[in-house]
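**Q** please find the sequence and the predicted model below.
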Amino acid sequence: MGQRYAFVVVGVIFFCLLFSAGLRATPSVLLDPLQASFGWSRSAISLAAAIGIFFYGMVGPFAAAAMDHFGLRRVLLTALVVMAASSAASAYMTQTWHLIALWGVFSGIGSGAVATVLGATIASRWFLKHRGLAMGILTASTATGNLIFLPLLAALASSGDWTRAVWIVAAAMVVMVPLVWRLVPDSPASAGLLPYGSNPDDPPAPAAPRT
C-alpha cells in the first residue's frame, strides 16, 4: 500500500477520536439518571464533569511529550484502556467520589490524550502533502462523535438502565485496542514507510530512539 497506508492510520485514529468524543459527552446524558438512581445533586454531578473537562484540556501538552518519549502507540493504547476501565467501573459506582474519580479524573486524563494533540501528531508524522486534509478529517471526528453518540447514549440512559450507556462507551474503547495495536505504528519510519507525499526515491528516515 506504500504511502497510502497513511490514510489507514487516519481512519483508525478518526474512530479513536470519535469514540473519545462519545465518552466526553456521556456525563451530560447521565445527569438525570444518576440523580434519580442515587439522589446525587446536580452540582456534584456537574463537578465531576467539570473536573473531566479540566483534565481533558490540561493533559494535551503532557500527552504530546509522552508520545515522543514512550511512543504514540503505547500512549494511545494506555489512554484507550484507561477510558474503557473508567467507563466500565462507573457501572458499579455508589458514591459521589467514585463519580468524580472515574468520570472526572480518569476519563479526563484518558480522553485528553486522545484529543487534538493526537490528530496533530498523526498529521505531522504521516503527511507531507494534504496535511490540512488529514487534520480536517481528524478534527471533524469530535463533532461527528457528538452527533452519533449523544442521541444513542441519551436513549440508553433514559431507558431505565443508565449503565447501558457506560457499557457501550467501554465496549467502543475496547474494540479500538487491537486495531491500534495492529494498524498504528509509532511513525512511518518505524514501519519502514514514508510520509504521504514524500519522494519515493528517498529512503525511510531511521526511527528516532526513545530514551
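**A** Done, it's in.

**Q** which parts of the chain are helices?
**A** For the chain, applying DSSP state H gives helices covering 5-38, 42-70, 72-89, 96-99, 107-113, 116-126, 131-157, 163-183.

**Q** out of these, which is the most enclosed?
**A** The highest average neighbour count among the helices of the chain, using mean count of other Cβ atoms under 10 Å, belongs to helix 107-113 at a mean of 26. Every residue, glycine included, has its C-beta placed from N, CA and C.

**Q** so what touches that one?
**A** Defining contact as Cβ atoms under 8 Å, 6 or more residues apart in numbering, one finds that helix 107-113 is touched by 20, 23-24, 51-60, 63, 66, 75-76, 78-80, 82-83, 86-87.

**Q** same for the least confident helix or strand in the chain by mean pLDDT, what does it pack against?
**A** Lowest mean confidence among the helices and strands of the chain (mean pLDDT, DSSP states H and E): helix 131-157, at a mean of 86. If you count contacts as 3 or more Cβ pairs under 8 Å, 6 or more residues apart in numbering; DSSP states H and E, helix 131-157 packs onto helix 5-38, helix 116-126, helix 163-183.

**Q** got CSV for the ones you listed, with mean pLDDT too?
**A** What follows is the helices and strands packed on helix 131-157, written out as CSV (pLDDT from 0 to 100):
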stretch, mean pLDDT
helix 5-38, 90
helix 116-126, 88
helix 163-183, 94
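
**Q** out of the ones you listed, nearest to Thr144?
**A** helix 5-38 (5.6 Å; Cβ to Cβ).

**Q** ok and the closest one relative to helix 116-126, angle-wise?
**A** 170 degrees (axes from the mean of the first three to the mean of the last three Cα atoms, to 10 degrees).

**Q** I'd like to know which elements helix 5-38 is packed against.
**A** Secondary-structure packing of helix 5-38 (3+ Cβ pairs under 8 Å, 6+ apart): helix 42-70, helix 72-89, helix 107-113, helix 116-126, helix 131-157, helix 163-183.

**Q** dump the ones you listed into JSON lines; add distance to Gly2 as well.
**A** Shown next, in JSON lines, are those (distance: least, Cβ to Cβ, whole Å):
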{"stretch": "helix 42-70", "distance to Gly2": "24"}
{"stretch": "helix 72-89", "distance to Gly2": "20"}
{"stretch": "helix 107-113", "distance to Gly2": "29"}
{"stretch": "helix 116-126", "distance to Gly2": "12"}
{"stretch": "helix 131-157", "distance to Gly2": "16"}
{"stretch": "helix 163-183", "distance to Gly2": "15"}
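
**Q** wait, which of those helices is closest to Ala6?
**A** Short answer: helix 116-126, nearest of the helices and strands packed on helix 5-38 by Cβ to Cβ, at 4.1 Å.

**Q** who are the packing partners of that closest one?
**A** Here helix 116-126 touches helix 5-38, helix 42-70, helix 72-89, helix 131-157, going by 3+ Cβ pairs under 8 Å, 6+ apart.

**Q** with distance to Ala189 added, can I get the helices of the chain in a markdown table?
**A** Below are those laid out as a markdown table (distance: least, Cβ to Cβ, whole Å):
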| stretch | distance to Ala189 |
| --- | --- |
| helix 5-38 | 13 |
| helix 42-70 | 14 |
| helix 72-89 | 12 |
| helix 96-99 | 43 |
| helix 107-113 | 22 |
| helix 116-126 | 9 |
| helix 131-157 | 17 |
| helix 163-183 | 16 |
